[in-house]
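>>> I would like to see how this sequence folds:
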Amino acid sequence: MSIKIYKPTSPSRRHTSVVSTLNLTKKSRERSLVVALNKKSGRNNSGQITVRHRGGGHKKIYRIIDFKQFKFDMEAEVLAIEYDPNRNARIALVKYTDGTKSYVLAAEGMRVGDKNISSLTKIDVKTGNRMPLEFIPQGEMVYNIEVEPLKGGKMARSAGAGVTVQNVEGKYAQVKMPSSEIRLFKKECLASIGQVSNVEAKLVRIGKAGRKRHMGVRPTVRGKAMNPVDHPHGGGEGRHPIGMPYAKTLWGKHALGVKTRKNKRSDKFILQHRKK
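Residues are numbered from 1 along each chain as shown. The predicted model follows:
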């Protein structure tokens, strides 16, 4: 894949870029693997906005992704590489030898016709294959890792994500995350070989506000542009600073340089925290 840049026919086009779709082999979705996706607009079950700046956006149909891949020792052939509006990674339509189809996260370099397999034992170290961390060689890059054995992949699922297996000692495997954090996973946890597809996604420039609205993101107003009744940063004359020792959120809590990770039971699995 590559980044596509348009001719500067307008001020917004001059700064807009997209990821090329030449690698996509199927435009229509698999009807048996999709469900309707109702819009939430950042609201909870009471209708109150709990996440601001969400709303609108293009209509989406959700593709059911198989993050578990529990059809062990059954070969799956890649039928197509597709676009998924619900994530920045590409997805692959695979067909197992028993005839069932499913969507899985496409790995970088995965092509139509490739055959992958998932197993609880040691198998070939091949892009797309899935097996426990204890059987994966040191230095190999993996994605879609389970946090608990046989609970389905939870980590390293976004475009370009990949973590490195460093060592296996005792009950745990040491894995280096993209943030440089070194973390312990149970060696029975499944992981897929390779790196998630669409690596160039982080290089895309949105280019214009309208494109962001199509993504379902509404405008954000600065706190210092509000009145004191609306935000702790509000009030004052002209382009004034926030007028307090530290930045606050809309609800008066610290906004910058504050640890938000508290009382996490998984902290004991972190060998080395990420570098600041």
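>>> Give me the distance between the most centrally placed residue in the chain and Val35.
For the chain, Ser158 is the residue whose C-alpha lies nearest the centre (Cα atoms, centre = their mean; 2.7 Å). To Val35, Ser158 is 21 Å away according to Cβ to Cβ, to the nearest Å. The C-beta positions use only the backbone N, C-alpha and C, and glycine is treated the same way.
>>> so where's the chain shaky on pLDDT?
1, 276 (pLDDT under 70).
>>> Show me the domain layout of it.
Per the record, the chain has its domains at 3-202, 223-267, by automatic domain parsing.
>>> Minimum distance to Arg274: which of the ones you listed has it?
domain 3-202 (3.9 Å; Cβ to Cβ).
>>> Just the endpoints, please. Distance across that closest one?
Length of domain 3-202, first residue to last, Cα to Cα, to the nearest Å: 10 Å.
>>> Same question for stretch 124-139.
Note: stretch 124-139 ends 15 Å apart using Cα to Cα.
>>> same thing with stretch 156-175?
By Cα to Cα, one end of stretch 156-175 lies 11 Å from the other end.
>>> Report the buried residues of it.
Neighbour counts over stretch 156-175 (16 or more other Cβ atoms under 10 Å) mark 156-163, 165-166, 168, 172-175 as buried.
>>> Now Thr127: phi and psi?
Phi and psi for Thr127, reported as degrees, to the nearest 10, are phi -50, psi 120.
>>> quick one: it and Gly162 touch, right?
No. Assessed by Cβ atoms under 8 Å, Thr127 is found out of contact with Gly162, at 11.0 Å.
>>> Between the two, which contacts overlap?
Counting by Cβ atoms under 8 Å, 6 or more residues apart in numbering, the contacts common to Thr127 and Gly162 are Gly194.
>>> who's in contact with the nearest residue in space to Met177 that is not next to it in sequence?
Nearest non-adjacent residue to Met177, counting by Cβ to Cβ, 6 or more residues apart in numbering: Val163, 5.3 Å away. Contacts here follow Cβ under 8 Å, 6+ apart; on that basis Val163 touches 141-143, 145, 155-156, 175-178.
>>> From Ile3, how far out is Val163?
Val163 sits 24 Å away from Ile3, going by Cβ to Cβ.
>>> do the same with Arg52
30 Å.
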